[in-house]
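In: dropping a prediction and its sequence here:
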Amino acid sequence: MSTTAVPQNTALSRFTGVLGDVISRPSGALGLGLVAAHLIMALISPYLSPYDYKEMNAAMMLAGPDASHWLGTDHLGRDVFSRTIQGGREAILVTGIATPVAVFWGGMVGIFFGLIGGRVDEVLMRFVDAFLSLPWILKMLVLIVTFGTGIEVLIPTLAFFYGIPVIRIARAATHDVVARDFVSAARARGHKRLTIMRRELLPNVLDTLMVEGAMRWSWMLLAFSSLSFLGFGVSPPAPDWGLMISDARGYMSFAPWGVLGPVIALSSLIIGINLTADALAKALGIDRAQKAPV
Amino acid sequence: MLRMFIRRLFLGLITVALVSLIIFAGVEFLPGDACTAFLEREAQGKILENCREELGLNRPAAERYLEWAANALQGNLGMSANGEDSIGSLVGARLGNSLLLAACALLTGVPLAIVLGVIAGLWRDRPADLIVSTAAIFAMTIPEFVSATVLILLFSVWLGWLPGIVLTSADAPVAEFFPEIILPVIVLSMVMTAHILRMVRSSVIEVMNGDYIQMATLKGVPYWQMVFRHALPNALLPAINVVALTIAWLLGGVVVIEVVFNYPGLGRMMIDAISDRDLPVVQALALIVATVYVFVNLTADMLTMIANPRLRTLYTRK
């Protein structure tokens, strides 16, 4: 990208091409629409909320939906609608930072070890296997119980653990490329490893990493809201979908409106991300279903 | 073939050994130890020192790791932090319950996934495929606690057909878990069916595009005979690996579902142990789950290799 403007132009046109392909598919258009709506809502919801999300009202506990409280109120008399539209902000902030970090570090390590191969690579893969064989929730909870549940703990924790499977994916994708002639040619020209990684390998692995990133985002969101649901994520009184569902489950039999808002909000965001990831994979010609869930 | 098997087994053992090191190091790195957890507020000065002396916690970490690993190899997982229960007896009943849940989910999920996956693959891009594939995305992506909550609301609160929570004690006989186990099994099956059927679908599509299927068609083999005799044996082979990953997931990762339904399995035991900082139990559970994961995957790889002549010869030639 350093010499002329030409590569940048092709990169840009390729980006718009892929974007157009994604939008032209019904699943991609719906998915991107849902994701965009959620992102916009996360930005502007504080200005749209009819009530303060933590404002309690003892006279209005568990009131059903009506004109003043569109989705009713919860067990503390707080407005469910205001809490629902703001309930994704922390989840989107945390996963929105942690996902690119995870894909970047996992991708770089995977490409590097895919390139050098040999003994070092074997040893690293054993470590990756060992980490993957532990249940995600155990790894995360141990760190969270020790260091607390603030976003300054959640972001690095998610970014670290969700980057490890990316190493494997990036390494496998690198192995498909590394034996090709243009990599041998670059080696023969005497390029440094970093140059080969950046100029020859990364462009060929990037498609896989992008699809992987979209999938990681949805899994990370799932993990984040599951942690909140279990009581290890966002701390009350902050609104969060997982936490809201967990609270409202207790009185679900007589006040079911408490769970409906967060259920629909969380599901629509995760489905939106997955539809986008599916359409992106098809547009880039990567078969997502062939990959085992790790 | 045999050399390959021994090599893989060796690598699997190395992975388990590494896991045990990671677990031990991870727990070492946490603040507090078995004594501070056991003594709670009295954990200071002389009492703490005596306790550490008694449990041998003042010895070097390497020595304690070797002892722990050697005991675990002999099946002795040590005592829980309260010093009263042996972990082996605590885990036993829980492991049985998790196996029961996993077995029920596998028996419903795997056949369903194969049938739906084959249907979707054979009628690719037709209405049947679109319905199945869309449903799969929903089932696969909606968080388990969300689908569980919706199902409890529907079947338990509104319709009153099924109990929404498991009240059976951990060591009750299998029969007592019915019908309470049905809703957790449905939620688990939904997720795993979706994963396996997507895999089966894409594998069926790939095989049906193969040259030998075209050959069979041209030779005049009847369609269904071709599907069942020629295509499916090859198409279902990759499913073995996904099923293996699913088994490993069912035995260790279903924490959220066990908490939602109050099911007394390994997952809830894990959460309780972490909340109570019962480190010996956390270590033991992590080791069990990781070992299951490694060996279930190893078995699946071996089965695929035995069943697929191409892979078999590929590795023998190497």
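Out: Okay, I see it.
In: tally of neighbours for residue A:71?
Out: Look at residue A:71: counted by other Cβ atoms under 10 Å in any protein chain shown, it has 21 neighbours. The way it works is simple: take the backbone N, C-alpha and C, and place the C-beta from them, glycine included.
In: over to it: give its phi and psi.
Out: Backbone geometry at residue A:71, expressed as degrees, to the nearest 10, gives phi -110, psi 20.
In: I figured it hits residue A:65, correct?
Out: Yes. Using Cβ atoms under 8 Å, residue A:71 is in contact with residue A:65, at 5.6 Å.
In: need the overlap of contacts for these two.
Out: Listed as contacting both residue A:71 and residue A:65 by Cβ atoms under 8 Å, 6 or more residues apart in numbering or on different chains are residue A:257.
In: for stretch A:245-254, which outside residues touch it?
Out: By Cβ under 8 Å, 6+ apart, the residues outside stretch A:245-254 that reach it are A:62, A:74-75, A:228-231, A:255, A:258-259, A:262-263, A:266, B:145-146, B:149, B:152-153, B:157.
In: please, where are all the helices along chain A?
Out: A:6-24, A:26-48, A:80-86, A:89-116, A:118-132, A:136-147, A:151-178, A:181-188, A:193-196, A:202-230, A:241-249, A:257-284 (DSSP state H).
In: which of these has the lowest average pLDDT?
Out: Least confident of these, judged by mean pLDDT, is helix A:6-24 with a mean of 75.
In: so which bits of the stretch 51-200 of chain A are right by chain B?
Out: Taking Cβ under 8 Å from any Cβ of the partner chain, the part of the stretch 51-200 of chain A that reaches chain B is made up of A:126-127, A:129-138, A:141-142, A:145-146.
In: select only the buried ones of these in ChimeraX?
Out: In ChimeraX, this line selects whichever of these come out buried by 16 or more other Cβ atoms under 10 Å in any protein chain shown:
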select /A:126,127,129,130,131,132,133,134,135,136,137,138,141,142
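In: which of the residues of the stretch 51-200 of chain A next to chain B sits closest to residue B:124?
Out: residue A:132 (31.9 Å; Cβ to Cβ).
In: was I right about the closest one contacting residue A:166?
Out: No. In this structure, residue A:132 is not within contact of residue A:166 by Cβ under 8 Å, at 11.3 Å.
In: in stretch B:13-25, which residues are buried?
Out: Residues of stretch B:13-25 classed as buried: B:14-16, B:18-20, B:22-24 (neighbour count, 16+ other Cβ under 10 Å).
In: kindly reformat those as JSON lines containing pLDDT.
Out: Listed next are those as JSON lines, based on pLDDT from 0 to 100:
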{"residue": "B:14", "pLDDT": "87"}
{"residue": "B:15", "pLDDT": "86"}
{"residue": "B:16", "pLDDT": "86"}
{"residue": "B:18", "pLDDT": "87"}
{"residue": "B:19", "pLDDT": "86"}
{"residue": "B:20", "pLDDT": "86"}
{"residue": "B:22", "pLDDT": "85"}
{"residue": "B:23", "pLDDT": "83"}
{"residue": "B:24", "pLDDT": "83"}
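In: just put those residues in CSV and tack on secondary structure.
Out: Rendered in CSV, the data for the buried residues of stretch B:13-25 read as follows (DSSP: H, G, I helix; E, B strand; the rest coil):
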residue, secondary structure
B:14, helix
B:15, helix
B:16, helix
B:18, helix
B:19, helix
B:20, helix
B:22, helix
B:23, helix
B:24, helix
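In: got the buried residues for the helix or strand where residue B:201 lies?
Out: Using DSSP states H and E, residue B:201 sits in helix B:182-208. If you call a residue buried by 16+ other Cβ under 10 Å, then helix B:182-208 has these buried ones: B:183-205, B:207-208.
In: got the angle between the helix or strand following that helix and helix B:182-208?
Out: As assigned by DSSP H and E, the chain's next helix or strand after helix B:182-208 is helix B:211-219. On the basis of axes from the mean of the first three to the mean of the last three Cα atoms, to 10 degrees, helix B:211-219 is oriented at 70 degrees to helix B:182-208.
In: if you average pLDDT over the next helix-or-strand element following helix B:211-219, what comes out?
Out: Next along the chain after helix B:211-219, taking DSSP H and E as the criterion, comes helix B:223-225. Computed over helix B:223-225, the mean pLDDT rounds to 87.
In: how distant is helix B:223-225 from the center of its chain?
Out: Distance of helix B:223-225 from its chain centroid, counting by Cα atoms, centre = their mean, to the nearest Å, is 36 Å.
In: output the contacting helices and strands for it.
Out: Where contact means 3 or more Cβ pairs under 8 Å, 6 or more residues apart in numbering or on different chains; DSSP states H and E, helix B:223-225 is not packed against any helix or strand.
In: nearest residue to the residue nearest in space to the middle of chain A in space, please, no chain neighbours.
Out: Centroid-nearest residue in chain A: residue A:217, 1.4 Å away (criterion: Cα atoms, centre = their mean). In space, and not counting its chain neighbours, residue A:217 is closest to residue A:99: 4.5 Å by Cβ to Cβ, 6 or more residues apart in numbering or on different chains.
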